[in-house]
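# everything below, folded, please.
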Amino acid sequence: MLDYKKLGFKCGLEVHYQLSSRKLFCHCPNLVHDQNQISYKIQRNLMAFEGELGKKDIAAEYEESKNKTFIYEGSKTSSCLVEFDESPPFPIYHEALKTAIQVALLLNMKIVNEVIVMRKIVIDGSNVSGYQRTTLIGRNGFIETSKGKIKIPTLYLEEDAAQKISETKDVVTYNLSRLGIPLLEIATSPDIQDPEHAKETAYLIGMVVKSTGKAHRGIGSVRQDVNISIKDHSRIELKGFQDLRSIPKVIDYEIQRQLKEKNESPHVRKVEPNLTTSYLRPMPGSARLYPETDLQTVEITKKFLDSIELPELLTERALNFEKKYNVPADYAREIISENIPFDYYAEKYKIEPKIIANLLIETPKEIAARFTIKKQLEQKDFEFVFDNLEKKKITREAAFEILKDISLDIKPDLSKYQTISLEEIEKFIKELTEKNKGVSVSGLMGDIMKNYRGKIDGKLAIGLLKKYVK
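Have a look, this model is predicted:
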């Protein structure tokens, strides 16, 4: 067990959230799913150039030294001349700006007086133009955690990068459907105390963004970068992972790696699928920024700020939900956070809310952990199970088995799970206990489930066993 305080552990996050709106500087929609509908391709080679400070950024020079050729694929349904850098950008999308300000206010930030779009030099090929448009929205905020206040110095609204499709030694291919989607970049100070605290902080920031109802969902819509340093070691930035549950393990692995290394310069590392890291590039600096010449500044007036309504936080919604349905707090948080249609089922069926919540939340996770699923569960699948559960044609245990069969693309056979009479099961249990005197309740449950799995409620079986076990 690592002693993070003794190691001089410092950690901060950069959390990136896509917004579910049209693109930030053109009218193209958010259609990442149309990547197979390629309408056109172009080829580019990019060069490093001087930023506002009159210097070339070290990370840009490093990427230029690779001498890569970039191929860009685009679809007419999700890309236009703006993505191809053949047309000036449109004015910043008002609704995305409004959402960014909502998030900044929820994070207790001070909103800038003017929105000034900057160009951030990026020549790894992920931006056709060689730069990413970005703008500062809020400063000097904070969020409360279980281990104290975490400062949030900046919130940027920027355009997301193109998505890498393939790479060889000399050529990288990108798809442009993701390029230009509004992206929030929220950075914390290095106030995080340990890996689990980093996970909690990322969760709380995500909760705030999701509270707006404008957070995009799906693979790649959320990305976290972690900045880490320990005593006598340089700061390292870790990029390339989406699941916040992996944050503690990624940090642990990185600290163990740093303890073995000496005299490293600050640099950026890529998080691999196994949660270890590999060298990516030098740490970028301030030399890569300069003003966007094609866009005017946007004044943030008091009238505009006063018109922005703040949404109810998901944590507050979850607390109200927990009280309304009497479900566990972790269920309530997940139902609200993941937008699970619990209300629909709870109103339609006269089934205990905890059972509905368990089947909607835990059952799919357990099936995915234990089996190789072939089919995602749909609304009609849950309705099929709840219909039969409400009519007492199946037991709660059978509900799991049926959903498992559906996930494995096996047509469920209800005859396997028809409930048996109380008289029959009680007779079986009475005979079982008489033959196995001295055996505990837990010891006898295996025999009962072997014979009646899916046909009897587990709580009922335990109750009857306690009646006869002496």
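# what about the helices in this structure?
Applying DSSP state H to the chain gives helices spanning 58-65, 94-106, 195-211, 247-260, 302-306, 314-325, 329-337, 342-348, 353-370, 379-390, 396-407, 422-435, 441-452, 458-468.
# where does pLDDT dip in the stretch 301-450 of the chain?
In the predicted model, the stretch 301-450 of the chain carries pLDDT under 70 at residues 418-422, 424, 438, 441, 443-444, 446, 448-450.
# about what we covered before: please identify which of the helices of the chain is closest to residue 123.
Nearest to residue 123, of all the helices of the chain, is helix 58-65, at 4.8 Å by Cβ to Cβ. Heads up, the C-betas are built off the backbone N, CA and C, glycines and all.
# what does the closest one contact?
For helix 58-65, the external contacting residues (Cβ atoms under 8 Å, 6 or more residues apart in numbering) are 46-49, 121-125, 268, 281-285, 287-288.
# in strands, which of those residues appear?
121, 268, 281, 282 (DSSP state E).
# columns neighbour count, distance to residue 431 and pLDDT on top of those residues, output as CSV?
What follows is the ones in strands among the contacts of helix 58-65, written out as CSV (neighbours: other Cβ atoms under 10 Å; distance: Cβ to Cβ, whole Å; pLDDT from 0 to 100):
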residue, neighbour count, distance to residue 431, pLDDT
121, 24, 79, 88
268, 20, 68, 92
281, 18, 72, 88
282, 17, 75, 87
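# and which of those residues is nearest residue 239?
Closest to residue 239 out of the ones in strands among the contacts of helix 58-65 is residue 268 (6.0 Å), distances taken as Cβ to Cβ.
# beta-bridge partners for the closest one, please?
Beta-bridge partners for residue 268, by DSSP bridges, are residue 237, residue 281.
# hmm, it is touching residue 239, no?
Yes. At 6.0 Å, residue 268 counts as touching residue 239 under the criterion of Cβ atoms under 8 Å.
# return every residue with contacts to both of the two.
With Cβ under 8 Å, 6+ apart as the test, residue 268 and residue 239 both reach residue 280.
# do you know how far residue 100 is from residue 109?
10 Å (Cβ to Cβ, to the nearest Å).
# of those two, which one has the most company?
The neighbour count for residue 100 versus residue 109, taken as other Cβ atoms under 10 Å, is higher for residue 100 (30 against 21).
# excluding its backbone neighbours, what's nearest the more buried one?
Once flanking residues are discounted, residue 100 sits nearest to residue 157: 4.2 Å by Cβ to Cβ, 6 or more residues apart in numbering.
# how near is residue 91 to residue 199?
Distance of residue 91 to residue 199, computed by Cβ to Cβ: 38 Å.
# just the CA atoms of stretch 402-422, as PDB, please.
Only the C-alpha atoms of stretch 402-422 are listed here, as PDB (Å, rounded to 0.1, in the frame of the first residue of the first chain):
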ATOM      1  CA  ILE A 402     -34.600 -15.100 -18.500                       C
ATOM      2  CA  LEU A 403     -32.700 -11.900 -19.100                       C
ATOM      3  CA  LYS A 404     -29.500 -13.900 -19.200                       C
ATOM      4  CA  ASP A 405     -31.000 -16.100 -22.000                       C
ATOM      5  CA  ILE A 406     -32.100 -13.100 -23.900                       C
ATOM      6  CA  SER A 407     -28.600 -11.600 -23.700                       C
ATOM      7  CA  LEU A 408     -27.200 -14.800 -25.000                       C
ATOM      8  CA  ASP A 409     -29.700 -14.700 -27.900                       C
ATOM      9  CA  ILE A 410     -31.500 -17.800 -26.500                       C
ATOM     10  CA  LYS A 411     -35.300 -17.800 -26.700                       C
ATOM     11  CA  PRO A 412     -36.500 -18.000 -23.100                       C
ATOM     12  CA  ASP A 413     -38.600 -21.000 -22.100                       C
ATOM     13  CA  LEU A 414     -41.000 -19.900 -19.400                       C
ATOM     14  CA  SER A 415     -42.000 -23.500 -18.700                       C
ATOM     15  CA  LYS A 416     -38.600 -24.000 -17.100                       C
ATOM     16  CA  TYR A 417     -39.500 -21.300 -14.500                       C
ATOM     17  CA  GLN A 418     -43.100 -21.900 -13.700                       C
ATOM     18  CA  THR A 419     -43.600 -21.400 -10.000                       C
ATOM     19  CA  ILE A 420     -44.500 -24.300  -7.700                       C
ATOM     20  CA  SER A 421     -47.100 -24.400  -5.000                       C
ATOM     21  CA  LEU A 422     -46.200 -23.400  -1.400                       C
END
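# pull out the buried positions in it.
Neighbour-count burial for stretch 402-422 flags 402, 403, 404, 405, 406, 407, 412, 417, 419 (criterion: 16 or more other Cβ atoms under 10 Å).
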